[in-house]
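Student: I would like to see how this sequence folds:
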Amino acid sequence: MIIRPETLTYLDTVEQFAHRTFQLRDDIAALMELAESRKMSRVFDDILFLAKFVSNARTVISRVGLESEETQKLASELKEQLERTTTLLRTIVKEAPEDLKLNFTTTYLTLGHENMANLFALLYELSWIKNYVLDRGGVSPRERHS
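Tutor: You can find the predicted model right below:
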């Protein structure tokens with residue numbers, strides 16, 4: 001898949017904002033390109049929102065544990081939103097070139113401990129894009145050309 005220079009520049013800016021280099025940058029760029037080329041930018045924005053929720057909820061649960069009723073509710077919500085996130089990711093990659101679809105399916109969207117770790121890593125990096133969007137006053141990736 002061809003990644004446009006604008007997408008790479010946008011990711012450079014987000015990485016500078018986050019003070020980190022994305023380990024999954026190529027997959028994030030491909031996902032952004034797929035979403036934009038298939039007129040699914042809103043779906044991508046929803047994934048960003050959910051990525052931030054999932055990452056934050058996972059951090060809270062890891063730190064606090066599941067002993068309280070509140071964190072049990074949070075864990076239930078985390079599971080529900082994680083399922084929603086994977087559905088949205090499948091929607092974007094459904095019509096992708098076969099090699100890209102296979103990469104996303106086998107790396108992030110198949111059941112298994114390693115795949116779940118990969119998915120959480122992807123969502124964590126996507127959450128930084130959402131942080132950047134919020135810091136810029138809600139300017140989403142699809143508006144990055146403005």
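
Student: burial measure for residue 133, as a count.
Tutor: Residues near residue 133, counting by other CB atoms under 10 Å, number 20. Every C-beta, even on glycine, is put in place using the N, C-alpha and C of the backbone.

Student: which strand or helix spans it?
Tutor: helix 113-135 (DSSP states H and E).

Student: and residue 90, how many residues sit next to it?
Tutor: 14.

Student: would you agree it is in contact with residue 101?
Tutor: No. Using CB atoms under 8 Å as the test, residue 90 is too far from residue 101 to be in contact (9.3 Å).

Student: distance of the spatially closest residue to residue 65 that is not a sequence neighbour from residue 63?
Tutor: Of all residues not flanking residue 65 in the chain, residue 71 sits nearest, at 6.6 Å (CB to CB, 6 or more residues apart in numbering). According to CB to CB, to the nearest Å, residue 71 stands 10 Å off from residue 63.

Student: show me the shaky parts of the protein.
Tutor: By pLDDT under 70, the weakly predicted segments of the chain are 138-140, 142-146.

Student: where exactly do the helices run in it?
Tutor: 5-18, 25-37, 41-64, 69-93, 98-107, 113-135 (DSSP state H).

Student: could you dump these into TSV and include distance to residue 141?
Tutor: Below are these laid out as TSV (distance: least, CB to CB, whole Å):
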stretch	distance to residue 141
helix 5-18	6
helix 25-37	6
helix 41-64	7
helix 69-93	13
helix 98-107	18
helix 113-135	7
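
Student: what about stretch 39-52, distance to the chain center?
Tutor: Offset of stretch 39-52 from its chain centre (CA atoms, centre = their mean, to the nearest Å): 8 Å.

Student: ok, stretch 48-64 next?
Tutor: Taking CA atoms, centre = their mean, the mean C-alpha location of stretch 48-64 is offset from the chain mean by 12 Å.
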